[in-house]
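Peer 1: fold the following and give me the result.
(chains A and B)
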Amino acid sequence: MDTNSFIQNIPLEYFIILSSVLFCLGVLGVLLRKNAIIILGCVELMLNSVNLLLAAFSAYKGNGDGQILVFFIMVVAAAEVAVGLAIISMMYRNTKSVDVSIFNKLRG
Amino acid sequence: MEQILFYFVSGIALASAGYFVLAKNPVYSILSLIVTFFCIAALYILMNAQFLGIVQIIVYAGAIMVLFLYILMMLNLNKGDESRKNNINKFIGMFAAGILFIGILGAYKGLSGNYVAGNDVDYGVGLTKNLGKLLFNEYVLPFEIASVLILSGIVGAVLIGKKDL
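Peer 2: The predicted structure follows:
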């Protein structure tokens, strides 16, 4: 096989629109939810939408740099989730809740 | 045929991402996020980014989401634990995300809607062998620094999670 019928039939704009809708859903989740674990999951959704777009551009251009960058974004996301969940479990240990709205001591 | 496949996979991805954002039960929403990640991995495999598709399933759906489920089930939350936000805050949140979406769509003004890859595009760009050649020849420095990053993440997570220092 030397031709990919998928990337020769699907316009690139479909990936752009799908990726931007997923990103805005992630932003919506961060703004709307109060459970700290779900907020972290929405950040992961945003990162995944950007990964999808980078991989799509790399496949359509035939250049491998985009997919290398996706690999490194996955590495950073994994480390960030580990540290973020450690913070959340410490938060639960101290306050017995993962509601982010109880952390309002800095509010004037 | 490819259009039907793309619409099917991306429809499932959008529906499960929407359920993830809006569901009340946090375990259900994490499970639907796993479905979203599997759909994104399917899209990777369809565009022949084979390495990324497998790494997405192994790392994201297989490690990160399992970690989420561990923490979530350890916390023993009830379904009604998340207190209601004000209606004003919810409305402002939806409005902000909608404005962001419209702003991002405004960047697509000049698109023609039918940019497909030409015949001379290298089809093997997503294969593990070619990505490996690229990773170890041109990007070897970020590769090594990524290992140091993971080490610092491990040290940080253990340090934060310890009960008594």
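Peer 1: elements contacting the longest helix seen in chain A?
Peer 2: Counting residues, the longest helix found in chain A (DSSP state H) is helix A:65-95. The helices and strands touching helix A:65-95, judged by 3 or more CB pairs under 8 Å, 6 or more residues apart in numbering or on different chains; DSSP states H and E, are helix A:36-61, helix B:50-55, helix B:65-75, helix B:128-137, helix B:140-161. C-beta coordinates here come from the backbone N, C-alpha and C atoms, glycine included.
Peer 1: as TSV, the ones you listed with mean pLDDT and mean neighbour count would be great.
Peer 2: What follows is the helices and strands packed on helix A:65-95, written out as TSV (pLDDT from 0 to 100; neighbours: other CB atoms under 10 Å in any protein chain shown):
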stretch	mean pLDDT	mean neighbour count
helix A:36-61	95	22
helix B:50-55	95	21
helix B:65-75	91	16
helix B:128-137	92	14
helix B:140-161	94	13
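Peer 1: of those helices, which approaches residue B:101 most closely?
Peer 2: Across the helices and strands packed on helix A:65-95, residue B:101 has its closest neighbour in helix A:36-61 (12.0 Å, CB to CB).
Peer 1: how far is the longest helix of chain A from where the chain is centred?
Peer 2: A distance of 10 Å separates the centroid of the chain from that of helix A:65-95, by CA atoms, centre = their mean, to the nearest Å.
Peer 1: got it, and stretch B:61-71?
Peer 2: 13 Å.
Peer 1: how long is stretch A:26-39 end to end?
Peer 2: Stretch A:26-39 has an end-to-end distance of 9 Å (CA to CA, to the nearest Å).
Peer 1: spatially nearest residue to the spatially most central residue of chain A (excluding sequence neighbours)?
Peer 2: Nearest to the mean C-alpha position of chain A, by CA atoms, centre = their mean, lies residue A:47 at 2.4 Å. Distances taken as CB to CB, 6 or more residues apart in numbering or on different chains put residue A:77 closest to residue A:47, at 5.1 Å, once the chain neighbours are dropped.
Peer 1: what sits against that neighbour?
Peer 2: By CB atoms under 8 Å, 6 or more residues apart in numbering or on different chains, the residues touching residue A:77 are A:44, A:47, B:60, B:64.
Peer 1: report the two of these separated the most.
Peer 2: Longest span within the contacts of residue A:77, CB to CB: A:47 and B:64, 10.2 Å.
Peer 1: pLDDT score assigned to residue 10?
Peer 2: Just going to use chain A. Note for residue A:10: predicted pLDDT of 89.
Peer 1: the chain in question should be chain B.
Peer 2: 95.
Peer 1: what's the neighbour count on the closest residue to it other than its chain neighbours?
Peer 2: Nearest residue to residue B:10 in three dimensions, chain neighbours excluded: residue A:18, at 5.0 Å (CB to CB, 6+ apart). Neighbour count of residue A:18, defined by other CB atoms under 10 Å in any protein chain shown: 22.
Peer 1: any idea how far the helix or strand in which residue B:43 is found is from the chain center?
Peer 2: Residue B:43 is located in helix B:26-46, with elements delineated by DSSP states H and E. Mean-position distance between helix B:26-46 and its chain equals 8 Å (CA atoms, centre = their mean).
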